[in-house]
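1. The amino acid sequence is not available; the structure is as follows:
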């Protein structure tokens, strides 16, 4: 039996394991992927002139540190059910049942699908799949690419694909429909660009951020070039929409049209851009199925990427002995997930060891580190994340004061 079982061997899970193990806890980490690191494995980008973020190197360092501290890590293990018990939790996995005092869900995020005519043709993939192929498996996804979906994630990975030797011809938006009111409308896409932090790594995004407070996106879109603005030498065309992906046995290209700021198609502007593979970038959402199984109270928060389990700043949930950390709590970058993992590991250790007063200073410093990472983040996936986080923490306090915790199923 474990003091702490962590589901998810990404940045949050690994850091939580390290923090807990340093306090003497018996910790196990499981992950359904075959390698440790989660989304770290696909990340490779330049943070400043002299500094590159290499996710594989970070993952290897955390892995080695966790193993050195005695953490047991098993990959290729899926979890299909959770059950509370008088001692804590049972987790039913593809390798059998695990017993633990405390359970941490660090399951990360999943990509949001964007259905487009032709999206089942071989050679169409999510932007994250292309990232994994290139950066993790060292397999070049193809030679020429069109990316459908203009957002923070697609821009970052487009540059990574370019580093792999791919000719990324353009980043465009999907045709607007009832389900794509944001991603398929130039005004909404421009609004998201203008809300990027002033610390963004390109002149375009920095300037847009400066003017965001007094220029309406509809005005900015009018002056956005029809042929796009180049970022990393890749044209970002928010006035060009994909209507269909072309090909039969494999991708041959993308049919596009020009659109007005509200997403309305401009007649007689059809065009075909040739490519041998297409990436669809619909954004990210918290991967929260296991939290739903556990009985967590959820709230939909657009700024955090979707439905998230109500939790405290110390990563507690409303369910006894259950904690969360990383992108399951809201989509942010890997450094923030790592910092959250440390908070969760220390919080759990203080409960297991019964030394809450002695641990208080360490936990407060770890919580402050999360806020610091958030304040200094180069770019945010959504605007007003800090404010949304505070609302979630307030919701937790209300739940904690006014509602009984779900009764445990003793077995």
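-> Sure thing, it's come through. The model shown is predicted, which means the values in this text are computed figures rather than measured ones.

2. Give me the average confidence score over stretch 143-159.
-> Averaged over stretch 143-159, pLDDT sits at 92.

3. measure that stretch end to end?
-> Using C-alpha to C-alpha, to the nearest Å, one end of stretch 143-159 lies 14 Å from the other.

4. before we move on, could you check phi and psi at residue 233?
-> Main-chain torsions, residue 233, degrees, to the nearest 10: phi 70, psi 20.

5. who touches it in this structure?
-> Counting by C-beta atoms under 8 Å, 6 or more residues apart in numbering, residue 233 makes contact with residue 162. For the C-beta atoms, the positions are set from N, CA and C on the backbone; glycine is no exception.

6. what do you get for residue 303?
-> So residue 303 contacts 330, 382, 383, 384, 385, 387, 388 (C-beta under 8 Å, 6+ apart).

7. what about the helices in the stretch 201-350 of the chain?
-> In the stretch 201-350 of the chain, the helices defined using DSSP state H, counting those that start in this stretch lie at 203-211, 217-222, 289-294, 334-353.

8. Let me know whether residue 177 touches residue 183 as I believe.
-> No - with contact defined as C-beta atoms under 8 Å, residue 177 does not reach residue 183; the gap is 9.9 Å.

9. neighbour-wise, which of those two wins?
-> Shown here are residue 177 and residue 183; by other C-beta atoms under 10 Å, residue 183 has more neighbours (24 against 12).

10. The more buried one touches residue 114, doesn't it?
-> Yes - counting by C-beta under 8 Å, residue 183 does reach residue 114; the two are 6.7 Å apart.

11. okay, and the common contacts of these two?
-> Shared contacts of residue 183 and residue 114 (C-beta under 8 Å, 6+ apart): 149, 174, 282.

12. How about the first one: what's its closest non-neighbour residue?
-> In this structure, residue 149 finds its nearest non-sequential neighbour in residue 281, 3.2 Å apart by C-beta to C-beta, 6 or more residues apart in numbering.

13. Could you do the second one as well?
-> Here the nearest residue to residue 174 in space, its sequence neighbours aside, is residue 184; by C-beta to C-beta, 6+ apart that works out to 4.9 Å.

14. Roughly how far does the one you found sit from residue 116?
-> Distance, residue 184 to residue 116, using C-beta to C-beta, to the nearest Å: 10 Å.

15. Overlap of the contact sets of the two?
-> Common contact partners of residue 184 and residue 116 (C-beta under 8 Å, 6+ apart): 174, 175.

16. check contacts around residue 70.
-> Neighbouring residues of residue 70 by C-beta under 8 Å, 6+ apart: 21, 26, 27.

17. Find the helix or strand that residue 396 is a member of.
-> Per DSSP states H and E: residue 396 is located in helix 385-402.

18. residues near residue 298, how many?
-> The local packing of residue 298 (other C-beta under 10 Å) involves 14 other residues.

19. and the closest residue to it other than its chain neighbours, what does it touch?
-> Spatial nearest neighbour of residue 298, excluding adjacent residues (C-beta to C-beta, 6+ apart): residue 307 at 4.8 Å. By C-beta under 8 Å, 6+ apart, residue 307 lies in contact with 285, 286, 288, 298, 299, 300, 301.

20. 7 Å instead?
-> Contacts for residue 307 (C-beta atoms under 7 Å, 6 or more residues apart in numbering) come out as 286, 288, 298, 300.

21. now do residue 254
-> Applying C-beta under 7 Å, 6+ apart, we find residue 254 in contact with 146, 242, 245, 246, 273, 275, 278.

22. can you check residue 173 too?
-> By C-beta under 7 Å, 6+ apart, the neighbours of residue 173 are 149, 150, 183, 184, 186, 189, 238, 241.

23. run the last query once more with 6 Å
-> By C-beta atoms under 6 Å, 6 or more residues apart in numbering, residue 173 lies in contact with 150, 184, 189, 238, 241.

24. Fine by me, we can end here.
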